[in-house]
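K.L.:
when you get a sec, could you give me coordinates for this:
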Amino acid sequence: MTETPENPQPTPPSVPQQSGAGDHVFEAVTSSGSAEQVAPVPPAFSASDSDRTDATQPEFVAPGVQGPVVPTETQGQSYPDQPYPGDAFAAAPGASPVQPYPGAPGQAYPAAGYDPNAPAYDPNAPGGVPPYGGYPGAAPAPKKPLSKGALFGIIGGAAAVVLIIAAAIIVPAMLRGPAITASDVVESYLTALADGDADAALEYVDPYGEDTLLTDDVLAASLELGAIDDIEVTEVEESDDYETRVPVTFTIGGQGVSRDFQVYNYGADDEWQIADGLIALSGFYGFEGLGLTVNGAEAPETAYVFPGTYELAVGVEEFTIEGDTTTFVVASDADAEVLWDLRPVLTEEGTAQFRSLVRASVEECVAMKTLTTPCGLDLTDIDLDGATPVDETVTRTITAEGQSTLDTLTAEVSSGSIVTTYDSVDVEMTLQGDQGGTRAEFEVWFGGYLNSPTVDFAAETPAVVWE
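P.N.:
Numbering: from 1, shown residues only. Below is the predicted model of the structure:
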């Protein structure tokens with residue numbers, strides 16, 4: 001474009017001169033056309049910096065500009081004296097990209113929208129005059145201090161937030177009421193038992209074992225046999241934050257009980273639990289096949305119960321439980337020790353039935369003429385002085401002593417519903433022996449003993465099996 005008085009060409013600023021090692025000074029053109037020095041620019045990057053392309057590159061900050069200048073997508077733009085490593089800088093909205101630096105061919109500087117008529121940068125001016133013709137990122141004008149009203153509002157709002165948080169913590173705690181103590185838990189537990197509420201009682205104990213007998217039905221039968229009354233719980237001082245013992249007294253069916261409950265609190269929910277609130281009943285060995293029940297419920301080999309009264313029974317009518325009673329009051333583990341030695345035994349009717357079954361089987365066996373029998377009175381290997389035993393010639397007779405033994409057989413419960421005897425029944429035997437075609441009668445003095453008779457009373461039809 002040809003310069004005319006009406007269209008004067010802008011006078012470019014002179015090339016900046018180094019004012020010191022590593023510093024650059026710019027000259028900006030004021031509106032009057034005179035040059036004015038601008039504050040030093042940070043030192044140019046070293047050659048080693050030019051190889052860096054990651055986020056750790058130093059960022060150029062123009063004089064008077066707060067914060068880093070945003071880079072553009074353009075790479076390889078140069079800066080006074082040496083190349084700028086990394087991205088060039090973004091132009092201001094509506095301005096052209098990087099302008100060539102006047103007076104230094106091939107050099108460029110990060111001036112977006114360079115305007116030679118823009119006012120010179122004045123660091124002392126209020127808010128700062130944007131350098132380089134309105135370069136973006138110039139320091140904003142200082143903020144006006146908050147008024148007293150605004151400060152009071154902020155302080156008041158913060159106080160309100162604190163009060164809201166405190167209310168959120170304190171109010172629910174107030175609604176929950178006073179803390180539940182270990183003594184409260186024990187009293188609530190015994191009260192639930194007295195009311196027959198098994199589910200409520202289980203809230204205060206840990207059902208750490210078989211829970212077959214921890215039901216409302218079993219508890220109702222317990223209370224019918226002996227009610228729980230007169231509950232007195234000592235309020236203890238919880239010197240230990242995790243465990244304490246609570247003394248109590250109460251009655252079960254009028255029988256006085258005095259004991260301590262061990263109560264612990266190891267959880268994060270700050271709730272006490274009773275460690276020894278349940279009682280183990282482990283005296284049920286040997287009752288297999290007999291349908292043992294506790295308060296009408298089928299019992300496993302080992303079970304846990306609440307403190308209370310429990311009646312044991314077997315489902316096979318020929319059996320009962322050894323001892324003077326089948327009803328027990330258990331309020332602690334010590335009370336349950338009497339159950340350890342419990343054993344099933346035949347009733348008198350069961351014993352009579354066993355003797356009758358064995359006698360009938362013995363008589364049937366004795367009546368056989370064969371050398372072998374189901375009951376064990378075999379004569380196949382007997383020594384007849386060289387004669388051979390002749391089958392179907394055997395005569396067996398129960399002696400008077402044997403008859404008496406059969407009348408008084410001792411019935412032994414060997415396992416569950418199986419009963420046997422170890423008594424010996426005396427039987428006399430004779431048979432014929434053949435020697436060279438000649439037979440002779442022989443009396444048996446040794447050999448041919450009865451085996452052990454067993455009867456399973458759980459079978460649909462009990463019968464003698466010889467073993």
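
K.L.:
and the residue lying closest to residue 421 once chain neighbours are set aside, helix, strand or coil?
P.N.:
The spatial neighbour of residue 421 that comes closest, neighbours along the chain excluded (CB to CB, 6 or more residues apart in numbering), is residue 409 at 4.9 Å. From N, CA and C alone the C-beta is placed, and that goes for glycine too. Following DSSP: H, G, I helix; E, B strand; the rest coil, we place residue 409 in the coil state.

K.L.:
likewise for residue 246?
P.N.:
Once three-state DSSP is applied, residue 246 turns out strand.

K.L.:
run a quick neighbour tally on it.
P.N.:
Neighbours of residue 246 under the rule other CB atoms under 10 Å: 24.

K.L.:
one step back: pretty sure the residue nearest to residue 421 contacts residue 356?
P.N.:
No. If you go by CB atoms under 8 Å, residue 409 and residue 356 don't touch, sitting 9.7 Å apart.

K.L.:
where in the stretch 51-200 of the chain is pLDDT low?
P.N.:
51-179 (pLDDT under 70).

K.L.:
tell me the buried residues in stretch 192-211?
P.N.:
Residues of stretch 192-211 classed as buried by neighbour count (16 or more other CB atoms under 10 Å): 192-194, 196, 198, 201-202, 204-205.

K.L.:
can you count the residues close to the closest residue to residue 292 other than its chain neighbours?
P.N.:
Spatially, and ignoring its direct neighbours in sequence, residue 292 is nearest to residue 299 (4.9 Å; CB to CB, 6+ apart). Counted with other CB under 10 Å, residues neighbouring residue 299 total 23.

K.L.:
cool, residue 416 as well?
P.N.:
20.

K.L.:
and the pLDDT at it?
P.N.:
Per-residue confidence at residue 416 stands at 89 (pLDDT).

K.L.:
quick check, pLDDT for the residue nearest to residue 421.
P.N.:
96.

K.L.:
need the contact list for it.
P.N.:
Neighbouring residues of residue 409 by CB atoms under 8 Å, 6 or more residues apart in numbering: 354-355, 358, 421, 423.

K.L.:
how about a cut-off of 10 Å?
P.N.:
The neighbours of residue 409, taking CB atoms under 10 Å, 6 or more residues apart in numbering as the test, are 351, 354-359, 362, 420-423, 425, 453.

K.L.:
need the contact list for residue 294.
P.N.:
Residue 294 neighbours (CB under 10 Å, 6+ apart): 212-213, 218, 221-222, 281, 284, 300, 303, 305, 310-313, 328, 339.

K.L.:
if any of those residues are buried, give me the ChimeraX selection for them.
P.N.:
Only the buried entries of these go into this ChimeraX selection, using 16+ other CB under 10 Å:
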select :213,218,221,222,281,284,300,303,305,310,311,312,313,328,339
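
K.L.:
so which of the contacts of residue 294 sits lowest on pLDDT?
P.N.:
residue 284 (79).
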